[in-house]
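# no sequence for this one, just the structure:
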């Protein structure tokens, strides 16, 4: 039952995270800079969750060791968000997404090298299929030039996001209540982005209208608060590697939302990528079941009977 919950949390987390362009792009188009978008995104989510936890009289006490760990995790998470978004200014979002999705490989390597985790063949197969699917999903005929600065930024996010996922699973806060951990991660992120504004000497851009404010609120609640909370729960139930593979739903959701609401085009490459991603997620789900994964489980039972005849 815990693994089923973990799979559900992982899919919800990655799917809601993929909604970022749907809410963020209209805000940026209204003249709010990326740095300001980040502090609104993390600040609102931390404030809403903090008020909710205080209203519910939720325990927020942490030890010094836990606070230091949560600070490091918050820095990893916020750096991932900042660098990935900023990299779009230098390289195409498709190239950035493809490079960023190397993080399941990084998670797997960290778990094998430092924690001696045994990774099954189905999971390795799912990782390879997911990466291939993301590559096809983000492929476009126009291509994209590789700017060294943008490439290095998104390459750093592979490491920071992998360390964040592993840290949630293997640090002293692994058993911490999910809501409490989410609050501290988002709060640290707010501080990081506040310091970022101060260092750059940039003023916080004002919200120009109600619609932009609604988009910022949705950006803070759905692909930030809900996504990070369910990510933490998924890691706690499934572990780092499986949760990382389920992250392939992020670009899939982003592309589908772009097609439905932002009038972006879908080609043959994108449909091929969708198929590979959904197939990879199916493998993860089957591998997490009591029966385990086998190629036979992917083929209807009737087909096997026909073959025997």
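Thanks, I have it. As the structure is a prediction and not an experimental result, all values here were calculated from the model. Residues are numbered from 1 along each chain as shown.
# buried ones in the helix or strand where residue 185 lies?
In this assignment (DSSP states H and E), residue 185 forms part of helix 178-200. For helix 178-200, a neighbour-count test (16 or more other Cβ atoms under 10 Å) marks 178-194, 196-197 as buried. Glycine gets a C-beta too; all of them are placed from N, C-alpha and C.
# The next helix or strand along the chain from that helix - what's its average pLDDT?
Heading C-terminal from helix 178-200, the first helix or strand you meet, by DSSP H and E, is helix 210-220. Across helix 210-220, pLDDT averages out at 96.
# cool, stretch 20-38 as well?
The pLDDT scores in stretch 20-38 average 90.
# and it, how far out from the chain's middle?
Distance, stretch centre to chain centre, for stretch 20-38: 18 Å (Cα atoms, centre = their mean, to the nearest Å).
# do stretch 100-114 as well
That offset, for stretch 100-114, works out to 14 Å (Cα atoms, centre = their mean).
# now for the helix holding residue 185, which elements pack on it?
If you count contacts as 3 or more Cβ pairs under 8 Å, 6 or more residues apart in numbering; DSSP states H and E, helix 178-200 packs onto helix 34-55, helix 64-87, helix 227-238.
# Show me what the second one is packed up against.
Right, helix 64-87. helix 34-55, helix 93-100, helix 148-170, helix 178-200.
# Worst mean pLDDT among the ones you listed?
Across these, the lowest-scoring stretch is helix 93-100, with a mean of 76.
# where's the following helix or strand past that helix relative to the chain centroid, distance-wise?
Counting by DSSP H and E, the next helix or strand C-terminal to helix 93-100 is helix 103-115. Chain-centre distance of helix 103-115: 17 Å, with Cα atoms, centre = their mean.
# Which positions within helix 103-115 qualify as buried?
103, 104, 105, 106, 107, 108, 110, 111.
# Tell me which two of the residues you listed sit farthest apart.
103 and 111 (12.3 Å; Cβ to Cβ).
# Next, format the buried residues of helix 103-115 as JSON lines and append distance to residue 253 and pLDDT.
As requested, the buried residues of helix 103-115 are exported to JSON lines (distance: Cβ to Cβ, whole Å; pLDDT from 0 to 100):
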{"residue": "103", "distance to residue 253": "17", "pLDDT": "89"}
{"residue": "104", "distance to residue 253": "17", "pLDDT": "89"}
{"residue": "105", "distance to residue 253": "21", "pLDDT": "87"}
{"residue": "106", "distance to residue 253": "22", "pLDDT": "91"}
{"residue": "107", "distance to residue 253": "20", "pLDDT": "92"}
{"residue": "108", "distance to residue 253": "23", "pLDDT": "89"}
{"residue": "110", "distance to residue 253": "26", "pLDDT": "91"}
{"residue": "111", "distance to residue 253": "25", "pLDDT": "91"}
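# who's in contact with residue 220?
Listed by Cβ atoms under 8 Å, 6 or more residues apart in numbering, the contact partners of residue 220 are 40, 41, 42, 43, 44, 45, 48.
# what's the closest of the residues you listed to residue 59?
residue 48 (18.4 Å).
# in the stretch 201-309 of the chain, what spans have low per-residue confidence?
Counting by pLDDT under 70, the stretch 201-309 of the chain has low-confidence residues at 288-309.
# Tell me how many other residues crowd the residue nearest to residue 183 when sequence neighbours are not counted.
Leaving aside its chain neighbours, residue 183 sits nearest to residue 49 (4.9 Å; criterion: Cβ to Cβ, 6 or more residues apart in numbering). Counted with other Cβ atoms under 10 Å, residues neighbouring residue 49 total 24.
# Just confirm residue 49 contacts residue 182, I think it does.
Yes: shown here, residue 49 and residue 182 form a contact pair, counting by Cβ atoms under 8 Å, at 6.4 Å.
# who touches both of those two?
The contact sets of residue 49 and residue 182 overlap at residue 225 (Cβ under 8 Å, 6+ apart).
# and residue 281, what helix or strand is that in?
For residue 281, the host element (DSSP H and E) is helix 268-287.
# buried set for that helix?
Neighbour-count burial for helix 268-287 flags 270, 272-274, 276-278, 280-281, 283-287 (criterion: 16+ other Cβ under 10 Å).
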